[in-house]
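K.L.:
Kindly generate the corresponding structure for this input.
(one chain, ligands or ions: 1)
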Amino acid sequence: MDHATERDRMLLALTGSVKDFTCPTGSDLLERVAPFHAWQQARRDRSLWSYGKATLCDYLQMEHAVLFPTGWAAGYGTIQGLIHADDHVVLDERAHACLQRGARDATRNVHATTHLDTAAVERTLATIRAGDTRNAILVVTESLFSMDSDTPDLRALQDVCHAYRATLLVDVAHDLGATGADGLGAIGRQGMTGRIDLVMGSFSKTFASNGGFVLTRSRAVKEYLMTFASPHVFSNALSPVQAAIVDVALAIVRSPRGAGLRHALAARCTQLRSALTGAGLTCVGNRSPIVPVPIGDEALARLVTRALPARGVIANLVEYPGVPRGTARLRLQLMATHTPGDIRQAADGIIAAFGDGSAELASLME
Ligand SMILES: Cc1ncc(COP(=O)(O)O)c(C=O)c1O
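P.N.:
Reported below is the predicted structural model:
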């Protein structure tokens, strides 16, 4: 390396600040953070960058991981860190609150699209790009929606994103580790492992800990988020105990024991769905660890939920604005360690509580 160039690089490493990179411009969300990485690398090469590592996560073949104290922080921080006021976020209307909040705090250009509607995403991207080729677009969805137990066509979405120079972020909180032969959830099932732009999730479901993460194939994006995603920088990291628990859980998820647990979980989910539908109740969505049981009317839903504990069941009631008005539902979440007996007992309790709630509502209406 010639002397002048090395001197220039040393000067680069000794000057400037992260503030110089807070508003990168350009329509490619992932490429435009490269100058930050070049500056940071100049510092790192000369031992002038003093911040720590995040571990790599090769399970999803994504090369780089940034950890957050919670899944909420990961969803919020990824969007807040990458998106600026003139950028756009295109969100599935049922995306989790952390994604909605991150989008709305980052920009006013938030476009909600009909649930699971790839054609609507494409129309929205076309409209945005017709008027704005300068700024970035982030498309946000989940691999398993927790209120409906359903999944978008991730391959089609990723293709559409690339066609319009947009970036795809998929929240895998609910199916990573829990579904699919290899535990990779919808991403694995759809042959998209390592092919989604950004993957984020939570350790609070399958991984028995608190914490969240975002995965990227770009070192520059990782470094940018580690500096500009506020919940990563300004909230304390996972504790060593939490990190150790996640490590062990991940090892189980990737082992034959994990495959056995997923097999048992899938069997329990099928058992619960058939027991409830056999008694005339409805379960929406596809088989997954989440079993949403629509009740509809909020008054009936509240009475059914109140009746559950006396029937030996504690379950989450979700009502508006968590779901559209008039579509209140029980959101049941199963574990691989539930036994067939547990499932029978839960199904009987839920069916009985529906009877209790309906009878009480009928008598109130008389
Ligand atoms: C889809 C989804 N993303 C993110 C989160 C937030 O994760 P955490 O509970 O770890 O903050 C949740 C809920 O827990 C979730 O359901």
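K.L.:
Close to the ligand: what parts of the chain are there?
P.N.:
Within reach of the ligand by C-beta under 6 Å from any ligand atom, the chain has these residues: 70-72, 75, 96, 98, 142, 146, 171, 173-174, 202, 204, 212. For the C-beta atoms, the positions are set from N, CA and C on the backbone; glycine is no exception.
K.L.:
check contacts around whatever residue of the chain ends up closest to the ligand.
P.N.:
Of all residues in the chain, the one sitting closest to the ligand is G71 (2.4 Å; C-beta to the nearest ligand atom). Shown in contact with G71 (C-beta atoms under 8 Å, 6 or more residues apart in numbering): C98, A173, M200, G201, S202, F203, S204, G211, G212.
K.L.:
if we can go back for a sec, make a ChimeraX selection of the buried ones in the residues of the chain next to the ligand.
P.N.:
The buried residues among those can be selected in ChimeraX (16 or more other C-beta atoms under 10 Å) with this line:
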select :70,71,72,75,96,98,142,146,171,173,174,202,212
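K.L.:
helices or strands next to the longest helix along the chain in the packing?
P.N.:
In terms of residue count, the longest helix belonging to the chain (DSSP state H) is helix 340-365. If you count contacts as 3 or more C-beta pairs under 8 Å, 6 or more residues apart in numbering; DSSP states H and E, helix 340-365 packs onto helix 256-278, helix 298-307, strand 328-333.
K.L.:
Next, the contact list for the closest residue to A156 other than its chain neighbours, please.
P.N.:
Once flanking residues are discounted, A156 sits nearest to T118: 4.8 Å by C-beta to C-beta, 6 or more residues apart in numbering. Neighbour list for T118: P152, D153, A156, L157, V160 [criterion: C-beta under 8 Å, 6+ apart].
K.L.:
Name the residues of stretch 345-358 that come out as buried.
P.N.:
A346, A347, G349, I350, I351, A352, A353, F354, D356, G357.
K.L.:
Just list whatever residues bridge to L91.
P.N.:
A112, V140 (DSSP bridges).
K.L.:
what about it, how many residues close to it?
P.N.:
24 (other C-beta atoms under 10 Å).
K.L.:
now do the one 4 residues further on
P.N.:
The burial metric for A95, expressed as a neighbour count using other C-beta under 10 Å, is 22.
K.L.:
Low-confidence regions, the protein specifically.
P.N.:
Flagging of the chain using pLDDT under 70 yields the residue ranges 1-4, 47, 49-53, 55-57.
K.L.:
picking up where we left off before, skipping adjacent residues, who's closest to the residue of the chain closest to the ligand in space?
P.N.:
Per C-beta to C-beta, 6+ apart, closest to G71 is S202, 2.4 Å.
K.L.:
quick revisit: so which of the contacts of T118 is surrounded by the most neighbours?
P.N.:
Top of those by neighbour count (other C-beta under 10 Å): L157, with 24 neighbours.
K.L.:
wouldn't that one be in contact with V139 here?
P.N.:
Yes. Using C-beta atoms under 8 Å, L157 makes contact with V139 at a distance of 6.6 Å.
K.L.:
shared neighbours, the two?
P.N.:
Joint contacts of L157 and V139 (C-beta under 8 Å, 6+ apart) are V121, L168.
K.L.:
May I have the phi/psi pair for V248?
P.N.:
Note on V248: its backbone torsions stand at phi -70, psi -40 [degrees, to the nearest 10].
K.L.:
The stretch 151-300 of the chain: strands as residue ranges?
P.N.:
Remark: strands assigned in the stretch 151-300 of the chain by DSSP state E, counting those that start in this stretch are 167-171, 198-202, 212-216, 290-296.
K.L.:
Reformat these as JSON lines; add distance to M192.
P.N.:
Output for these, formatted as JSON lines (distance: least, C-beta to C-beta, whole Å):
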{"stretch": "strand 167-171", "distance to M192": "9"}
{"stretch": "strand 198-202", "distance to M192": "9"}
{"stretch": "strand 212-216", "distance to M192": "13"}
{"stretch": "strand 290-296", "distance to M192": "21"}
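K.L.:
hey, where'd the helices end up in the protein?
P.N.:
3-14, 34-45, 71-82, 97-106, 118-131, 154-163, 185-189, 219-228, 230-233, 240-253, 256-278, 298-307, 340-365.
K.L.:
Neighbours of H263, how many?
P.N.:
12.
K.L.:
what do you get for D247?
P.N.:
So D247, with other C-beta under 10 Å, has 13 neighbours.
K.L.:
Please tell me how far A346 sits from A119.
P.N.:
From A346 over to A119 the distance is 38 Å, taken as C-beta to C-beta, to the nearest Å.
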